[in-house]
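# Need coordinates for the below:
(one chain, ligands or ions: 1)
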Amino acid sequence: MVSTELPPIEKAKRDAAYACAKKHVYPGCKLGVGSGSTVKYLVEYLEHAYKAGSLNDLVCVPTSFMTKKWLVDSGLPVSDLDITPVLDVCIDGADEVDADLTCIKGGGGCLAREKIVQHASKKFLVIADHTKEAVSLGDRYQYLPIEVLPFASTPVCLEIPRLFGGTAGLRMAAKKAGPVITDNGSYIVDWVFPKQKKMDWKAIQTKLADTPGIVDTGLFIDVVDEVFFAYADGSVKTVVKGEVETKKA
Ligand SMILES: O=C(CO)[C@H](O)[C@H](O)COP(=O)(O)O
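Residues are numbered from 1 along each chain as shown. Below you'll find the model as predicted:
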């Protein structure tokens with residue numbers, strides 16, 4: 001659809017996004033749209049398909065300020081969960097995906113809204129370049145983003161290492177003095193977890209979700225229906241709960 005030469009990693013992100021959207025987005029689809037640089041290519045695909053008339057009556061529910069702006073700038077129909085509380089499909093990126101399709105998300109700080117939109121969707125699909133593929137979480141990406149109410153941030157930073165080891169600290173802004181503020185007005189605590197082979201992520205998620213002040217974590221467990229991993233050679237592998245299929249893009 002777009003033939004611009006891209007660096008290999010960007011091309012892989014685009015291949016993953018296009019392959020997923022071609023298979024799963026249809027006219028009238030109520031679509032949750034994730035956040036991050038891979039999702040930017042999903043928005044590019046949607047714009048072209050919508051303007052070409054092949055995605056009539058599409059409705060997009062964004063997971064972040066940034067994605068909403070991309071959708072609006074692309075002329076795509078934008079809604080929210082008050083108007084469109086039940087979605088057909090949600091497509092999002094990830095920071096790492098393990099062999100059980102458990103994901104770490106939140107590198108862009110949008111994890112709470114991403115999880116809410118995912119939960120509102122009948123199907124959840126992940127698009128990723130090959131650098132996100134792992135056997136176990138922590139193989140490539142060493143920290144878990146956690147959204148925290150500002151009032152609770154110091155106790156939470158102390159409690160997480162006490163419970164599970166590692167270190168935890170506030171994510172600091174790059175072009176502002178002080179912490180990153182999420183779209184919900186919260187902080188992000190990045191927990192650098194210990195590099196153990198077997199972490200019980202379900203138990204960790206339960207414990208963290210029970211901790212006062214934690215809004216949510218970037219762990220997405222047992223919610224992924226299909227992952228699209230794209231590689232530098234142009235192939236795209238889809239993984240559906242244990243079943244793998246690889247296609248040339
Ligand atoms: O969870 C996210 C944002 O909160 C993103 O989906 C994740 O960080 C992947 O981003 P990218 O596609 O830029 O690598």
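# alpha carbons only for contacts and neighbour counts from here, please
Noted.
# so what does the longest strand anywhere in the chain touch, helix or strand wise?
In the chain, assigned by DSSP state E, the strand with the most residues is strand 121-129. Secondary structure elements in contact with strand 121-129, counted by 3 or more Cα pairs under 8 Å, 6 or more residues apart in numbering; DSSP states H and E, are helix 8-24, helix 37-51, strand 87-92, strand 226-230.
# what packs against the last one?
Using 3+ Cα pairs under 8 Å, 6+ apart as the contact definition, the elements that strand 226-230 packs against are helix 8-24, strand 121-129, strand 235-240.
# Tyr45: which of those is closest?
Of all the helices and strands packed on strand 226-230, it is helix 8-24 that lies closest to Tyr45, at 6.3 Å by Cα to Cα.
# do the closest one and the ligand meet?
No - Helix 8-24 lies out of reach of the ligand by Cα under 6 Å from any ligand atom, never closer than 7.4 Å.
# Residues contacting the helix or strand of the chain with the lowest mean pLDDT, please?
Scoring the helices and strands of the chain by mean pLDDT, DSSP states H and E places strand 243-248 at the bottom, with a mean of 74. Residues from elsewhere that reach strand 243-248, judged by Cα atoms under 8 Å, 6 or more residues apart in numbering: 234-239.
# let's see 6 Å
Here strand 243-248 makes contact (Cα atoms under 6 Å, 6 or more residues apart in numbering) with 234-238.
# mind checking how far Asp225 is from Leu125?
The gap separating Asp225 from Leu125 is 6 Å, by Cα to Cα, to the nearest Å.
# Same question for Thr63.
Here Thr63 is placed at a distance of 14 Å from Leu125 (Cα to Cα).
# So between those two, which is more surrounded?
Each of Thr63 and Leu125 has its neighbours counted (other Cα atoms under 10 Å); Thr63 has more, 26 against 21.
# picking that back up, highest average neighbour count across the helices and strands packed on strand 121-129?
strand 226-230 (a mean of 27; mean count of other Cα atoms under 10 Å).
# So what's the gap between that strand and the chain middle?
Distance, stretch centre to chain centre, for strand 226-230: 12 Å (Cα atoms, centre = their mean, to the nearest Å).
# again with stretch 47-56
24 Å.
# now do stretch 75-94
Centroid displacement of stretch 75-94 relative to its chain, using Cα atoms, centre = their mean, is 14 Å.
# mean confidence for that stretch?
For stretch 75-94, mean pLDDT rounds to 98.
# pull the CA atoms of that stretch into PDB?
Output of stretch 75-94 as PDB, limited to C-alpha atoms (Å, rounded to 0.1, in the frame of the first residue of the first chain):
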ATOM      1  CA  GLY A  75      -9.400  11.500   9.300                       C
ATOM      2  CA  LEU A  76     -10.600   8.300  11.000                       C
ATOM      3  CA  PRO A  77     -13.800   8.000  13.000                       C
ATOM      4  CA  VAL A  78     -12.900   8.200  16.700                       C
ATOM      5  CA  SER A  79     -15.100   7.100  19.600                       C
ATOM      6  CA  ASP A  80     -14.700   6.300  23.300                       C
ATOM      7  CA  LEU A  81     -15.800   3.700  25.700                       C
ATOM      8  CA  ASP A  82     -18.800   5.800  26.900                       C
ATOM      9  CA  ILE A  83     -20.200   5.800  23.300                       C
ATOM     10  CA  THR A  84     -18.800   2.400  22.200                       C
ATOM     11  CA  PRO A  85     -18.300   0.300  25.300                       C
ATOM     12  CA  VAL A  86     -18.100  -3.100  23.500                       C
ATOM     13  CA  LEU A  87     -15.500  -3.600  20.800                       C
ATOM     14  CA  ASP A  88     -15.000  -6.300  18.300                       C
ATOM     15  CA  VAL A  89     -11.200  -6.300  18.100                       C
ATOM     16  CA  CYS A  90      -8.300  -4.500  19.800                       C
ATOM     17  CA  ILE A  91      -4.900  -4.400  18.200                       C
ATOM     18  CA  ASP A  92      -1.900  -3.300  20.200                       C
ATOM     19  CA  GLY A  93       1.900  -3.500  20.300                       C
ATOM     20  CA  ALA A  94       3.900  -5.000  23.100                       C
END
